[in-house]
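Peer 1: what follows is a protein structure lacking sequence information:
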């Protein structure tokens, strides 16, 4: 049987052309083709895997100390029979500020529309089962948020979702970053850092804090009339909450959107969430609220907490990939091997 392989697929996105940040519209999607793909004419389920903030699809292929990369992990899961052979699709939704939250925003670009372009391209160029029943979306942190948001907005495209520690419960997730923001803005040349973060130095803690806050503000509260291109949700000098802007942020919180998107979530074959029980951003608290409200609304879901924090949780993909695989319909057609 042919071994698994990774394909780099590059194309120019209509959705990202002319984005406000001037980020490239030509992107590379990294695609895992399972063992046996090249030996057969079989069509495979697909899972779209979204990286966390500052990550790209290629991040999943990086070697980390004492960790498997995603190809090694999938090969092991398939070999052990814990997961059916699947195509993994890992897009690049990086921005000048480090991330897009995988949503459509005038401040960053139309990244959710880009995800739909990637789906269309993958179904047209690779042997996938082009059906929501066999198409899942998953990710961690910002990638988990993006996966859940995409499933809420496009259940006709994604029939299964696995959200690992995705942003929810914004009042807690972002509270510490926003509390520190006035001091961060006073400690750094904001205009220079945001105009060209690649050239800016040193890239110390103020820089990292600024970029994370700017990425969220550009995604959630764009404002072309402001020189920065977005509104901060707090007063940069006093730290007081700007309630009008904060309401724009909350409009993206999955908990706040739950009632309006209940039918989308109810239609999913799998709604899986997990989080570490001492997540550094208190996302576990938001997950608990989300799980409670899903139960109240009678929406089938699976929520697990594990002993851990926000980082070093790649092992949880073992659980979610197995769950995604099990929730897809049983294979209907026998495997066809090429002569």
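Peer 2: Great, that's in hand. Worth saying up front: this structure is predicted, and the values here are computed from it rather than measured. Numbers count the residues shown, from 1 in each chain.

Peer 1: show me the shaky parts of this structure.
Peer 2: Where the chain drops to pLDDT under 70, the residues are 332-339.

Peer 1: repeat the analysis, applying 80 as the threshold.
Peer 2: 331-339 (pLDDT under 80).

Peer 1: excluding its backbone neighbours, what's nearest the most centrally placed residue in it?
Peer 2: For the chain, the residue nearest the mean C-alpha position is residue 143 (1.8 Å; Cα atoms, centre = their mean). In space, and not counting its chain neighbours, residue 143 is closest to residue 50: 3.4 Å by Cβ to Cβ, 6 or more residues apart in numbering. No exception for glycine: its C-beta is placed from N, CA and C like everyone else's.

Peer 1: same deal with residue 88?
Peer 2: Distances taken as Cβ to Cβ, 6+ apart place residue 32 nearest to residue 88, at 3.8 Å, with adjacent residues excluded.

Peer 1: so who does the one you found touch?
Peer 2: Listed by Cβ atoms under 8 Å, 6 or more residues apart in numbering, the contact partners of residue 32 are 4-6, 70-71, 74, 87-90.

Peer 1: in strands, which of these appear?
Peer 2: 5-6, 87-90 (DSSP state E).

Peer 1: now residue 83. Its backbone dihedrals?
Peer 2: The phi/psi pair for residue 83 (degrees, to the nearest 10) reads phi -150, psi 140.

Peer 1: check contacts around it.
Peer 2: Going by Cβ under 8 Å, 6+ apart, the list of residues near residue 83 reads 74, 77, 321-322, 324-325.

Peer 1: of those, closest to residue 180?
Peer 2: residue 321 (36.0 Å; Cβ to Cβ).

Peer 1: SS state for the closest one?
Peer 2: helix (DSSP: H, G, I helix; E, B strand; the rest coil).

Peer 1: next SSE after the helix or strand where residue 171 lies?
Peer 2: Assigned by DSSP states H and E, residue 171 belongs to helix 170-173. The helix or strand immediately downstream of helix 170-173 is helix 175-186, counting by DSSP H and E.

Peer 1: check which helices and strands that next one sits against.
Peer 2: Other helices and strands packing on helix 175-186, by 3 or more Cβ pairs under 8 Å, 6 or more residues apart in numbering; DSSP states H and E, are helix 205-220.

Peer 1: tell me the angle the helix it packs on makes with helix 175-186.
Peer 2: Here helix 205-220 points in a direction 110 degrees away from that of helix 175-186 (axes from the mean of the first three to the mean of the last three Cα atoms, to 10 degrees).

Peer 1: ok, residues contacting helix 205-220?
Peer 2: Against helix 205-220 from outside (Cβ under 8 Å, 6+ apart): 21, 53, 95, 97-101, 103, 105, 107-108, 174, 177-178, 180-181, 184-185, 187-188, 190, 193-194, 197, 200, 228-233, 248-249, 251-252.

Peer 1: in strands only, show me the residues you listed.
Peer 2: Residues of the contacts of helix 205-220 located in strands (DSSP E): residue 105.

Peer 1: whichever of the contacts of helix 205-220 end up buried, select them in ChimeraX.
Peer 2: In ChimeraX syntax, the buried subset of the contacts of helix 205-220 is picked out as below (16 or more other Cβ atoms under 10 Å):
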select :53,95,97,98,99,100,101,103,105,107,108,174,178,180,181,184,185,188,190,193,194,197,200,229,230,231,232,233,248,249,252
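
Peer 1: are any of the ones in strands among the contacts of residue 32 buried, and if so which?
Peer 2: 6, 87-90.

Peer 1: the stretch 1-150 of the chain: helices as residue ranges?
Peer 2: Per DSSP state H, counting those that start in this stretch, the stretch 1-150 of the chain carries helices over the ranges 70-79, 111-125, 142-153.

Peer 1: want to throw the ones you listed into CSV with distance to residue 286?
Peer 2: Output for the helices of the stretch 1-150 of the chain, formatted as CSV (distance: least, Cβ to Cβ, whole Å):
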stretch, distance to residue 286
helix 70-79, 26
helix 111-125, 21
helix 142-153, 10
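
Peer 1: most packed of those?
Peer 2: helix 142-153 (a mean of 27; mean count of other Cβ atoms under 10 Å).

Peer 1: report the separation between the residue nearest to residue 88 and residue 307.
Peer 2: Using Cβ to Cβ, to the nearest Å, residue 32 is found at 29 Å from residue 307.

Peer 1: please name the residues that touch residue 19.
Peer 2: If you count contacts by Cβ under 8 Å, 6+ apart, residue 19 has them with 25, 108-110.

Peer 1: of those residues, keep whichever come out buried.
Peer 2: Buried by 16+ other Cβ under 10 Å: 25, 108-110, out of the contacts of residue 19.

Peer 1: and the two most separated of those?
Peer 2: Top of the distance list for the buried ones among the contacts of residue 19 (Cβ to Cβ): 25 and 108, 12.9 Å.

Peer 1: tell me the contacts of residue 3?
Peer 2: Counting by Cβ under 8 Å, 6+ apart, residue 3 makes contact with 35, 75.

Peer 1: what residues are up against residue 307?
Peer 2: Residues in contact with residue 307 (Cβ under 8 Å, 6+ apart) are 276-277.

Peer 1: mind checking how far the residue nearest to residue 44 when sequence neighbours are not counted is from residue 30?
Peer 2: Leaving aside its sequence neighbours, residue 44 sits nearest to residue 87 (Cβ to Cβ, 6+ apart; 4.9 Å). Distance of residue 87 to residue 30, computed by Cβ to Cβ: 11 Å.
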